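Visitor: generate a structure from the sequence data that follows.
(chains A and B)
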Amino acid sequence: MNEHLRALEAETIFIIREAYRRIRPLGMLWSIGKDSTALLWMVRKAFLGSIPFPVALLDTGMEYAEVYAFRDRIIREWDLAYINAPCPAEDSVDQTLPPAGRAAARKTEGLKQLLAREGWKGVLLGIRRDEEATRAKDRIFSPRAGDGTWNFKDQPPEFWRYFETDATEGGHLRIHPLLGWTEIDVWQYTKAQGIPFCSLYLSRGGTRFRSLGERNITLPVPSTAASIDEILEELGATKISERAGRTMDHESENAFERLRAGGYM
Amino acid sequence: MSAPLDVVFVGHVDHGKSTLIARLLLDAGAFPDGKLSQLEEASRRRGVPLELSFLLDAFQVERDQAVTIDATRVWFRTPSRVYALCDAPGHHEFIKHMVTGASQAALAVLLIDAEQGVCEQTRHHAALLAMLGICDAVVAVNKMDCVAFSHERFAQIAQSATTMLEERALRAAAVIPTVARDGDNVVLRSQRMPWYDGATAMDALKSYDTAHRGAQPLRLPVQDVYRRGGSRVIVGNLQGGPLRPGDRMLFAPSGVTATVERFWDGHDTSALDGDAVAFSLEESLFIDAGSVGAPPEDAPAITDVFEASIFWFSPQELRVDSHLKMRLGTSEVSVRVEAIGGVLDVATYQYAPAEAVGVNGIAQVRLRCAVPVAIDVRPSSVISRFALYTNGRICGGGRVRTAATQRALRRRSPNVTPESHLVDRFARAARNGHRGGVLWLTGLPCAGKSTIAKELEQRLFAHGWNAYVLDGDTLRTGINGDLGFSEEDRRENVRRTAEMAALFADAGMIAIVALVSPSAADRRRAREVCPEAFHEIYVSTPRHVCEMRDVKGLYAGARRTKISGFTGVSAPYERPISPDLTIDATLPIDVCVQDIFDYVLERFER
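Guide: Below is the predicted model:
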């Protein structure tokens, strides 16, 4: 592995261990996508092969069949303490929202219920700065209020690996160990480590998924990349943004900011 | 692919940081498809011309108020290099976000509005960069169109910016006239400033040579200890290295030593600088999270008191006796502010005495820890920098300036060994044309020590030699500002001054100390710090002459108020029995200075 990936991995493992040392009870969200699967890989490394906390999927029931199959395989192979966290039904959320907004609202609500049920004070997530401009401004240890909202106008300072690790009363911390990774970093790392990933990321019939979400709100992008090397080659040249296929980002200028301020990942 | 070059864009509010980054990406062809039209749409909706800064200012509130609130980071790739560009907010209210953004940068780009020139936050940010360990800055003198592309105005700002940076120990890697909004000298060369033929901003980033970090001392701040089977596995991130099974390690502050048994995380024969590691020890020992592993022959200092430079974010003022939690490395201890040495005046870059450190202040303080901690003074070490917390919230941070006083070190850290230099005193003397040493001028208050010292300094300087006066009164306004005139404090005053003088001497300078230093025992200890280079010079002046020279009215004051401990009135002055030189300071000053000057030439000539 090159020096850059080594440094990223070391930083991520530090953050994971710091979260576990300072915040209990702790859990992790696993979306089954490439990022959170790479994160899960590093969680196992951090704790020398085992995972000392549960891993949850916010399940809308709308994932692709390949995603569910990949999930079942990994749960078995890695012996995960897995929680399937069902999201409330589509008709229970604000019907005036556009379709993608509704799916996001379901997940936001599902997360809220999961946290309440499990009592987690901290939850690890695989978001990255380069995915989206409001994620770019987030913190590694990012506090959320009791209702899950994000006060992005007054975030705590973080420097030199010093973080605010106390959750507010009733609130929780989102821990983002991959914030400093780019899409290319994740693929290079996945390749270098031989981390399994869902086959939907590879091209079939001229398209592939660059970002993996629910069936009804995620579109594949034109691509002929059928291996990680070809993905990396494609990413080196493309000018299409990673989340271009995510309709929820584009329903209005501030669509994603509103989702995130309200508690979305 | 090598690691990205981390660059932070700083400067006063509205001088064009976000716009410059966006323009850099746009002209380098790094905008994703559709991004430009999104920005055009967002600008049109707000009734403003195309606002490139919206690329970075993603929050609605930032766009609506046209201000960057929080730091952000964007990447862009060129065939030769990957860049991670951090946009830091310039508003004084968001200093903590600026620090968050700048803390991981290797290089800074400092934006200065060509009309406004160097402003308050320009200086403030520059001071913080230095504290954060950034050494180089590219200066962009922006909005050149607002000053009609004046070469003269550019030269003026370039001069003041370079000087300002140098004062803060920063190097101006390049100074570039730009119009970020239009792209002049960002990626493409400006047609509107033909007088400028230096680098563009892109050139400056491209050619920046990441300064090679010097070899780091091996440090392993223990983050946690996991039980696996019957073993206790120590985990943490390694600084320096390599670390191998069989290596001896000392754990500070407890001081126990042990041998690395094996790695538990896939590291095979060795772990390298920066790696996250997990290993067990041969010995069955209880190592606590927060301790620091190090080679026994190069262990960190262990102390419960140290001097630090800090930045402070909290609206709650920091005062003497404020109690805080400090995280340093992976340790967490309670600390108390024992003294505030001074608060930085950002405009003049001078530290002035102060009772309290206010929001966004930069200060020098002495911190007293509830238990001893392991620290390094070396600025790049992970245990030389810390964060301060109140009630779990980060309210400041800083770096260790000087380790404990030797008094504490003697008591606390038997394992400390001084670093040796690669440049020795002979090499320094060869270059300087003279040796370094300490001229210790002792005598009654108002005997003429400071006057002689200053004249002598000037004479030696004119002669081409490096000399510097360490004046007792001056030192008491700074490094010794926390000391009074009790016997103990006087002894400490002499001790610190002697230590400092010895460092000057070791650095090749002639340190001229002007200090009453009434106790013969204290002076003897001062000599012991650097016995071969120490010269005790007795400035002999009868007391009635001293009183006549006493323009500050010290003697009269001492008599009137009956202050105890005033040397020459209510406290004894122990005359040197066998000084290296005695000066009769009733003679004219020229004669006195000439005598010492001749003495110095004879003994310090290389």
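Visitor: three-state assignment of A:Asp154?
Guide: coil (DSSP: H, G, I helix; E, B strand; the rest coil).
Visitor: give me the phi and psi angles of it.
Guide: Dihedral pair for A:Asp154: phi -140, psi 70, per degrees, to the nearest 10.
Visitor: tally of neighbours for it?
Guide: Around A:Asp154 there are 11 other residues, counting by other Cβ atoms under 10 Å in any protein chain shown. Where you see a C-beta, it was placed from the backbone N, CA and C, and this is true even at glycine.
Visitor: what is the burial count for the nearest residue to B:Ile510 once chain neighbours are set aside?
Guide: Closest residue in space to B:Ile510, ignoring its immediate chain neighbours: B:Ala467 at 4.1 Å, by Cβ to Cβ, 6 or more residues apart in numbering or on different chains. Look at B:Ala467: counted by other Cβ under 10 Å, it has 23 neighbours.
Visitor: could you check how far B:Ala467 is from A:Pro143?
Guide: 55 Å (Cβ to Cβ, to the nearest Å).
Visitor: could you do B:Glu492 as well?
Guide: Per Cβ to Cβ, B:Glu492 is found 44 Å from A:Pro143.
Visitor: just B:Arg368 next, same as before
Guide: In terms of Cβ to Cβ, B:Arg368 sits 30 Å off from A:Pro143.
Visitor: so for the two, which residue has more residues nearby?
Guide: Under the criterion of other Cβ under 10 Å, the comparison of B:Arg368 against A:Pro143 puts A:Pro143 first, with 20 against 16.
Visitor: confirm that one sits in a helix?
Guide: No. Applying three-state DSSP, one finds A:Pro143 to be strand, outside a helix.
Visitor: tell me the pLDDT of it.
Guide: As predicted, A:Pro143 sits at a pLDDT of 97.
Visitor: and if you look at B:Leu409?
Guide: 40.
Visitor: one more: A:Lys34?
Guide: Note for A:Lys34: predicted pLDDT of 97.
Visitor: list the contacts for it?
Guide: Applying Cβ atoms under 8 Å, 6 or more residues apart in numbering or on different chains, one finds that A:Lys34 lies in contact with A:Val186, A:Trp187, A:Thr190, A:Phe197, A:Cys198, A:Tyr201, A:Leu212.
Visitor: quick check: mean pLDDT of the helix or strand hosting the first one?
Guide: For A:Val186, the enclosing helix or strand under DSSP states H and E is helix A:183-193. The predicted model assigns helix A:183-193 a mean pLDDT of 97.
Visitor: what helices or strands is it leaning on?
Guide: On a contact count with 3 or more Cβ pairs under 8 Å, 6 or more residues apart in numbering or on different chains; DSSP states H and E, helix A:183-193 meets helix A:3-22, helix A:34-46, helix A:228-237.
Visitor: ok, and which of those has the densest surroundings?
Guide: helix A:34-46 (a mean of 23; mean count of other Cβ atoms under 10 Å in any protein chain shown).
Visitor: measure how it sits relative to helix A:3-22, angle-wise.
Guide: 70 degrees (axes from the mean of the first three to the mean of the last three Cα atoms, to 10 degrees).
Visitor: got the angle for helix A:34-46 vs helix A:183-193?
Guide: 50 degrees.
Visitor: could you check how far helix A:34-46 is from the centre of its chain?
Guide: Centroid separation between helix A:34-46 and its chain, computed with Cα atoms, centre = their mean, to the nearest Å, is 11 Å.
Visitor: what sits up against whichever helix or strand comes after that helix?
Guide: Downstream of helix A:34-46, the next assigned helix or strand under DSSP H and E is strand A:55-59. For strand A:55-59, the surrounding residues in contact (Cβ under 8 Å, 6+ apart) are A:27-32, A:40, A:71, A:80-87, A:107, A:110-111, A:114, A:118.
Visitor: which segments of the chain make up each domain?
Guide: Answering for chain A, as no chain was given. Domain segmentation of chain A under automatic domain parsing yields A:3-181+A:251-261, A:198-249.
Visitor: let me rephrase: I mean chain B.
Guide: According to automatic domain parsing, the ranges for chain B are B:5-206, B:220-298, B:301-412, B:425-604.
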